[in-house]
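Colleague: What shape does this take:
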Amino acid sequence: MKKRKIIPYNPKLKKLARQLRNNATKAEIILWLKLKGKQIYGYDFHRQKPIDNYIVDFFCNELMIAIEVDGYSHELIKVYNKDVKKEKRLNELGITVLRFSDYQVLKEMDNVLRTIEWFIFEFEKHTPNPSLEGN
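Modeller: Numbers count the residues shown, from 1 in each chain. Below is the predicted model of the structure:
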């Protein structure tokens, strides 16, 4: 069994993460309905997950992937600059970030899911499967 990587987080963010889960946007709720319960190839996603000094919308530890759903406020330069800083830090921790707009999630869900699936296929293609080794 593969050992999970320990991801640092700020415990002070737990309360805010809970509030965000309880006040999710329509797009976040709709995407969560597709990600929860290991529906995508058996991978376990969590929502509003504290990582380092940030909170990501969705996270899968095994895949080391964060998925962000961006509303209109992310088009503002101040918010955009925060997103760039956040993504840079997550990348330093070995986490890939996939970003989708609310519009994409609400109107182009098939493409959103295909993008996530493509990431998983690429991840699995480049990750050795310990159950197949030694055969």
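Colleague: Residues in contact with the lowest-mean-pLDDT helix or strand in the chain: which ones?
Modeller: Using mean pLDDT, DSSP states H and E, helix 77-92 stands out as the lowest-scoring helix or strand of the chain, at a mean of 89. Outside of helix 77-92, the residues within contact range by Cβ atoms under 8 Å, 6 or more residues apart in numbering are 51-54, 56, 66, 68, 70, 73-74, 97, 99. For the C-beta atoms, the positions are set from N, CA and C on the backbone; glycine is no exception.
Colleague: What are the buried residues along that helix?
Modeller: By 16 or more other Cβ atoms under 10 Å, the buried positions in helix 77-92 come out as 83, 86-87, 90.
Colleague: go on, stretch 21-28?
Modeller: In stretch 21-28, counting by 16+ other Cβ under 10 Å, buried: 21, 24-25, 27-28.
Colleague: Now the two most distant members of those residues.
Modeller: Arg21 and Ala27 (14.3 Å; Cβ to Cβ).
Colleague: Tell me how many other residues surround Ile40.
Modeller: Counted with other Cβ atoms under 10 Å, the neighbours of Ile40 add up to 17.
Colleague: And it, how close does it get to Arg89?
Modeller: 25 Å (Cβ to Cβ, to the nearest Å).
Colleague: quick one: which of the buried residues of helix 77-92 is nearest Tyr103?
Modeller: Asp83 (16.5 Å).
Colleague: Look up the closest residue to Asp102, ignoring the ones flanking it.
Modeller: Ala27 (4.1 Å; Cβ to Cβ, 6 or more residues apart in numbering).
Colleague: Just to check, that neighbour is in contact with Gly71?
Modeller: Yes. Judged on Cβ atoms under 8 Å, Ala27 makes contact with Gly71 at a distance of 7.4 Å.
Colleague: what touches both of these two?
Modeller: Taking Cβ under 8 Å, 6+ apart as the contact criterion, the common neighbours of Ala27 and Gly71 are Asp102.
Colleague: coming back round to it: report the buried residues of the host helix or strand of the residue nearest to Asp102.
Modeller: Ala27 is located in helix 26-35, with elements delineated by DSSP states H and E. Counting neighbours by 16+ other Cβ under 10 Å, one finds that the buried residues in helix 26-35 are 27-28, 30-32, 35.
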